[in-house]
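**Student:** below: sequence and its predicted model.
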There are 4 protein chains.
Amino acid sequence: MHETIRVVVWNEFIHEREKEEVRQIYPNGIHATLAEFLSAQPDMAVKTATLQEPEHGLSEDVVNNTDVLLWWGHAAHEAVQDEIVVRVHERVLAGMGLIVLHSGHFARIFKKLLGTSGTLNYREAGEKERLWNLEPGHPIAAGIGEYFELPQTEMYGERFDIPTPDKLIFISWFEGGDVFRSGCCWERGHGRIFYFRPGHETYPIYHDENVQRVIVNAVRWARPSRFVENEIQQKKPPEKLSRPGR
Amino acid sequence: MHETIRVVVWNEFIHEREKEEVRQIYPNGIHATLAEFLSAQPDMAVKTATLQEPEHGLSEDVVNNTDVLLWWGHAAHEAVQDEIVVRVHERVLAGMGLIVLHSGHFARIFKKLLGTSGTLNYREAGEKERLWNLEPGHPIAAGIGEYFELPQTEMYGERFDIPTPDKLIFISWFEGGDVFRSGCCWERGHGRIFYFRPGHETYPIYHDENVQRVIVNAVRWARPSRFVENEIQQKKPPEKLSRPGR
Amino acid sequence: MHETIRVVVWNEFIHEREKEEVRQIYPNGIHATLAEFLSAQPDMAVKTATLQEPEHGLSEDVVNNTDVLLWWGHAAHEAVQDEIVVRVHERVLAGMGLIVLHSGHFARIFKKLLGTSGTLNYREAGEKERLWNLEPGHPIAAGIGEYFELPQTEMYGERFDIPTPDKLIFISWFEGGDVFRSGCCWERGHGRIFYFRPGHETYPIYHDENVQRVIVNAVRWARPSRFVENEIQQKKPPEKLSRPGR
Amino acid sequence: MHETIRVVVWNEFIHEREKEEVRQIYPNGIHATLAEFLSAQPDMAVKTATLQEPEHGLSEDVVNNTDVLLWWGHAAHEAVQDEIVVRVHERVLAGMGLIVLHSGHFARIFKKLLGTSGTLNYREAGEKERLWNLEPGHPIAAGIGEYFELPQTEMYGERFDIPTPDKLIFISWFEGGDVFRSGCCWERGHGRIFYFRPGHETYPIYHDENVQRVIVNAVRWARPSRFVENEIQQKKPPEKLSRPGR
């Protein structure tokens, strides 16, 4: 295990450059805000990467030296190149942690890892959300009370098309009458995946103290014990066969 | 629910045309043998499809009228076109059952649905396999005793890179010293998936009575109750919002 | 498999005899109401049993001839005798389906099968509940739309202390701001267990059309394929040992 | 989280006192051997407890100051008092880790936490066992290769009556032709449970380097992040109700 957790925050970085209202909340991009509070943790070494960089900032060298990757995308999921999706996918299967945020439910890497469509219901009405903490003893919920609230959010509602989570950490209650599985854990290959619903570019969600705490916790939880390659192997038998070679 | 189970057996149909030893076991192709014993079931209406047909025999019309699809491939996984993989994938998420056989652990559709690499260890030495029945009360194991044996098989050994199965029905013991999760159930979207290890083209595996029984059972288990489309929907709130429209 | 599904509805039958307001809703007891709509199904043969009967109406003969047992209790969980709990427990492990309703989250049989405490939050304020359907393709949700509502209910809220359900069918939204995993599936031994939250004695919940539909569906889902005893067995080796007998 | 992991090794301590052949392998009891290699870990503070002590050595004070409990029992499962089983059960639900070894598959605490019978097949013939490592990236398998072997063991074979493990770490291959799920993880309440098959009193299993490594790893994995009590609570609504108080 590497001494510090090597974190990369990936952002498609489109809304913040195109919309004034988003820029006011995230002047240097959502990735910068995420990187800022993660960098304040003594056990994390944090970098950022965006869609616009060569190889989307996710070169082989970067990916091979990342323990946990955070993913934020919304407007440009299809602009992410095949090669990069495959590279990240293989690295997660080898052990890299992946934290997919909010609209990343439609990210190519999320759908490739889980195999489902990621569809859901949504509504943009600035309504109240209350996230209930189902697993107060789980590392991802450390420091979180019985629930926490976000005063104004975009609503995501069930049915969310995902495989049954290994562990369901949060369920959201929405003022408008919907519910959502908002914090979901899976393991695929040797890697851990956490989906965390809160986000959206026009509300200051990533400035919220509880949201930040969950993301910090999730990075620690998703850190790999070690990396292991998956490869097909032709094997000699450990035991003697009665009819060797057929 | 359709009155009979509409089954399609898909086969890449390559080894049987190219290798005399395979043709001797499956003169009309593995799909023909599978279709034959499935057709003998009064509740099943069975068709076949192969890689060589237009759209691999899996036109929209065929796929939209299939309840359960069986999949056998080995030499030509990469020859299956994107469009067909996407079509089958969407149909499984909508409810179609999928039974993936033996070397199908590397089929594009299997990897797309489960999100993992499907890697495993293997050995072709004609060794004995004993499949232990972990779930004698499960519909897939109906009529199967404590275990059943196959006198000569290709070995598949752990670690098999799959998501933890929802239910593990069979574990194989191999003469050469390996073990394998040989009967695995998952649900993805609204569809049921069963992976069944026995197969291989140079042993008469699909002529075995127990193997046939498991496949017949699995078809019945994988049949959808109904089909449901997954689509993203913008929703009005069922409850009155305190600040409608923000 | 028995031709019809042999159903037993068990009720502690206390509130209905002691409180006038409950008697008005369930004049012959909750069990009678449940038995009535289940009996209307052509594939079900339904009996009832209550706490007050000898062996609580669950003699060996009754239990050994039951495919699916429904359980309603609230005020007298501790009055259920050890011997009967053990008998029902063994029968579920052998394959009998069990449907635990509402306040049965604290029933001895529920805690014995799941191993957790069944604690939750609650509030009796006659508030509105909306049950979201997470699995429209699942047999238990057949005929249920995107959600259904109950105008006045006792609230049960998270955290509910249960093992992660194999499949989560319903999540409830409550007017007062809570959420709950209201329809939960598990398998233990060879038996299927479904917990269904709606109930309570002072609201006419079991007269609701959607609630009845879910319970009917759940009975069909919980029906065993066959019964299998669990017993420890000393076994001879199927393979020849190199050092027989040590 | 407590600075060091507070470990208690519990042993019924019967065979070692009664049988000379067992005493030769474990002169001071199995618990002493387990405690010895665990005590060598710098992050663990280890105590032992046995059936013969008052309250079986598991007083409230001891249990409330334990992070991870190891359990070895075989001949005297029924001698463990109700009160102690309940105490340990509640503490596991509150977060204490529990590692159940070998014949503990029939321990009262194991059955109470998992809800199943724990039945299995067995054979005492000194045969070879090979444990395949299914999760080389999992903390419990740290330092373990593709598999490890035990030259002489009692056989445990499937079907093992347990709930589907959250994660299956090891599957055993036995010379005599059986297989077994030998390393199983579950979470119940806020606590983690690991069942590890190797053991038996007449083979020097707990002197094996790989067995010791797995147990050390499992203690670290089972350590709670924090303890959380489960209690039923009557709650005021976080939201305003339309018909307060009915």
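**Tutor:** All right, it came through fine. Numbers count the residues shown, from 1 in each chain, chains lettered A, B, ... in the order given.
**Student:** tally of neighbours for residue A:106?
**Tutor:** Residues near residue A:106, counting by other CB atoms under 10 Å in any protein chain shown, number 17. Where C-beta positions appear, they are placed from N, C-alpha and C, glycine not excepted.
**Student:** go ahead and confirm it touches residue A:118.
**Tutor:** Yes. At 5.2 Å, residue A:106 counts as touching residue A:118 under the criterion of CB atoms under 8 Å.
**Student:** the longest strand seen in chain A - contacts with which helices or strands?
**Tutor:** Assignment by DSSP state E gives strand A:121-133 as the longest strand of chain A. Applying 3 or more CB pairs under 8 Å, 6 or more residues apart in numbering or on different chains; DSSP states H and E, we find strand A:121-133 packed against strand A:147-157, strand A:167-174, strand B:233-234.
**Student:** let's see it at 10 Å
**Tutor:** strand A:147-157, strand A:167-174, strand A:179-188, helix A:209-222, strand B:233-234, strand C:179-188 (3 or more CB pairs under 10 Å, 6 or more residues apart in numbering or on different chains; DSSP states H and E).
**Student:** distance check, the closest residue to residue A:155 other than its chain neighbours against residue B:6.
**Tutor:** Spatial nearest neighbour of residue A:155, chain neighbours left out: residue A:123 (4.2 Å); criterion: CB to CB, 6 or more residues apart in numbering or on different chains. Separation of residue A:123 from residue B:6 (CB to CB, to the nearest Å): 38 Å.
**Student:** more crowded one of the two?
**Tutor:** Set side by side, residue A:123 and residue B:6 show more neighbours around residue A:123, with 21 against 18, by other CB under 10 Å.
**Student:** okay but that one is in contact with residue B:239, surely?
**Tutor:** No. Between residue A:123 and residue B:239 there is no contact under CB atoms under 10 Å: 11.1 Å.
**Student:** please enumerate the shared neighbours of the two.
**Tutor:** Residues touching both residue A:123 and residue B:239 (CB atoms under 10 Å, 6 or more residues apart in numbering or on different chains): A:174, A:176, A:177, A:178.
**Student:** among those, who's most crowded?
**Tutor:** residue A:178 (27 neighbours).
**Student:** that older thread, what is in contact with residue A:106 and residue A:118 at once?
**Tutor:** A:77, A:100, B:232.
**Student:** contacts only, for the first one.
**Tutor:** Going back to what we said before, that points to residue A:77. A:12, A:51, A:85, A:103-111, A:118.
**Student:** one more time with 8 Å
**Tutor:** Applying CB atoms under 8 Å, 6 or more residues apart in numbering or on different chains to residue A:77 gives the contacts A:12, A:106, A:107, A:108.
**Student:** and for the last one?
**Tutor:** Contact criterion CB under 8 Å, 6+ apart gives A:119, A:120, A:121, A:122 as the residues in contact with residue B:232.
**Student:** can you report how many residues neighbour the first one?
**Tutor:** Neighbourhood size, residue A:119 [other CB under 10 Å]: 19.
**Student:** just give me the neighbour total for residue A:90.
**Tutor:** Neighbours of residue A:90 (other CB under 10 Å): 16.
**Student:** what is the neighbour count of the nearest residue to residue A:63 once chain neighbours are set aside?
**Tutor:** Take residue A:63 and drop its neighbours on the chain: the residue closest to it by CB to CB, 6+ apart is residue A:91, 5.1 Å away. With neighbours defined by other CB under 10 Å, the count for residue A:91 comes to 22.
**Student:** I'd say residue A:50 and residue A:30 touch.
**Tutor:** No. Judged on CB under 8 Å, residue A:50 makes no contact with residue A:30 at a distance of 9.9 Å.
**Student:** quick one: common contacting residues for those two?
**Tutor:** A:11, A:13.
**Student:** what about the two, which has more around it?
**Tutor:** Neighbours were counted for residue A:50 and for residue A:30 using other CB under 10 Å; residue A:30 has more, 29 against 20.
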